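> quick one, fold the following:
(one chain, ligands or ions: 1)
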Amino acid sequence: MGFNDLDLSERLLIARRGTAYFAQRLAELTDEELAEPTPLTGWSRKHLVAHVGYNAAALCRLMDWAATGTPTPMYESTEQRGREIEEGSTLNAAALRNLFTHTVARLDEKWRHLPSSAWSAEVRTAQGRLVPSSETAWMRTREVWIHAVDLGNGGQFGDFPPVVLDSLFDDIVGMWRRKELGAGLVLEVEGREPVAVVPESDAAVKVSGPLASMVRWAAGRGAVGLTSGADVTPPHWL
Ligand code: ZN
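A predicted model of the protein is given here:
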């Protein structure tokens with residue numbers, strides 16, 4: 001069962017739990033530690049917190065789009081999105097923490113007040129895909145759980161709800177297939193049938209391990225706990 005097979009209320013609950021998980025990691029960091037780098041190229045923790053906050057604000061715009069029918073895109077452009085994060089990273093720690101709390105509360109309010117008919121209204125993601133507005137639950141879930149690990153102070157893929165790991169795995173492999181990446185790569189999640197990323201290609205490289213380790217590796221967050229293929233570089237995902 002995937003994330004989108006769950007009832008909307010359960011999906012929103014998992015997104016909220018991820019937000020709480022991120023908020024907990026954030027609360028455990030001192031203001032000084034916020035200035036330290038993350039594994040994401042060129043991003044300090046301040047960039048990351050700004051990004052997670054502005055992502056909530058961008059999803060609020062999609063909820064407004066769904067509610068009113070007037071297109072309000074997540075971001076004006078990739079440049080504007082990047083500039084916003086850069087500027088956000090220069091805020092002081094208290095202001096950044098506020099930005100996070102405030103944007104999260106605003107998104108939650110939009111979710112709570114959206115008329116039920118508007119959950120199927122189509123909106124456009126930053127990548128240009130048309131999706132029902134209910135997809136924002138998954139978009140946010142992905143962001144908060146993965147970026148909680150990127151904060152680098154104790155967040156782990158092993159803490160994610162299993163349905164989130166399953167759907168991330170499907171998402172990532174699906175994206176590789178759409179981009180025609182990963183020929184010859186065979187993924188062996190512990191206790192499951194092996195999956196060839198490109199089914200008709202000759203199997204050349206095998207990566208195996210428990211689900212949480214496989215997803216972490218596939219998401220480009222490092223090889224930890226894999227039983228084989230730890231030296232294989234995963235294709236680019238997002
Ligand atoms: Zn992100």
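
> give me phi/psi at the residue in the chain sticking out farthest from the centre?
In the chain, Asp202 marks the outermost C-alpha relative to the chain mean, sitting 31.0 Å out by C-alpha atoms, centre = their mean. Here is the backbone geometry of Asp202 (degrees, to the nearest 10): phi -70, psi 130.

> does Asp202 touch Ala196 like I think?
No: at 9.4 Å, Asp202 and Ala196 do not qualify as touching, with contact defined as C-beta atoms under 8 Å. All C-beta spots, glycine's among them, are computed from the backbone N, C-alpha and C.

> let me see the ranges of the helices in the protein.
For the chain, the helices defined by DSSP state H cover 8-27, 45-68, 78-88, 93-113, 136-150, 162-178, 211-218.

> which ones are touching the residue farthest from the centre of the chain?
Residues counted as contacts of Asp202 (C-beta atoms under 8 Å, 6 or more residues apart in numbering) are Gly184.

> then Asp171?
Arg142.

> confidence score at it?
Predicted confidence (pLDDT) for Asp171: 95.

> what of Asp202?
At Asp202, pLDDT is 82.

> ok now stretch 144-162, how far from the chain's centre?
10 Å (C-alpha atoms, centre = their mean, to the nearest Å).

> now swap in stretch 219-237 and tell me
17 Å.

> span of that stretch from start to end?
7 Å (C-alpha to C-alpha, to the nearest Å).

> mind checking the pLDDT average for it?
Here the average pLDDT along stretch 219-237 is 94.

> ok, now stretch 48-64?
Rounded mean pLDDT across stretch 48-64 is 98.

> and what of stretch 100-114?
98.

> now it - C-alpha only, CSV.
Extracted C-alpha coordinates of stretch 100-114, given in CSV (Å, rounded to 0.1, in the frame of the first residue of the first chain):
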residue,chain,number,x,y,z
PHE,A,100,9.2,27.9,10.3
THR,A,101,6.5,27.9,13.0
HIS,A,102,4.5,30.6,11.2
THR,A,103,4.5,29.0,7.7
VAL,A,104,3.8,25.6,9.1
ALA,A,105,0.8,26.9,11.1
ARG,A,106,-0.5,28.7,8.0
LEU,A,107,-0.3,25.5,5.8
ASP,A,108,-2.1,23.5,8.5
GLU,A,109,-4.8,26.1,8.6
LYS,A,110,-5.2,26.0,4.8
TRP,A,111,-5.5,22.2,5.0
ARG,A,112,-8.1,22.3,7.8
HIS,A,113,-10.3,24.8,6.0
LEU,A,114,-10.2,23.6,2.4
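
> quickly list the domain ranges of the chain.
In terms of domains, the chain is parsed into 3-155, 159-218 (source: automatic domain parsing).
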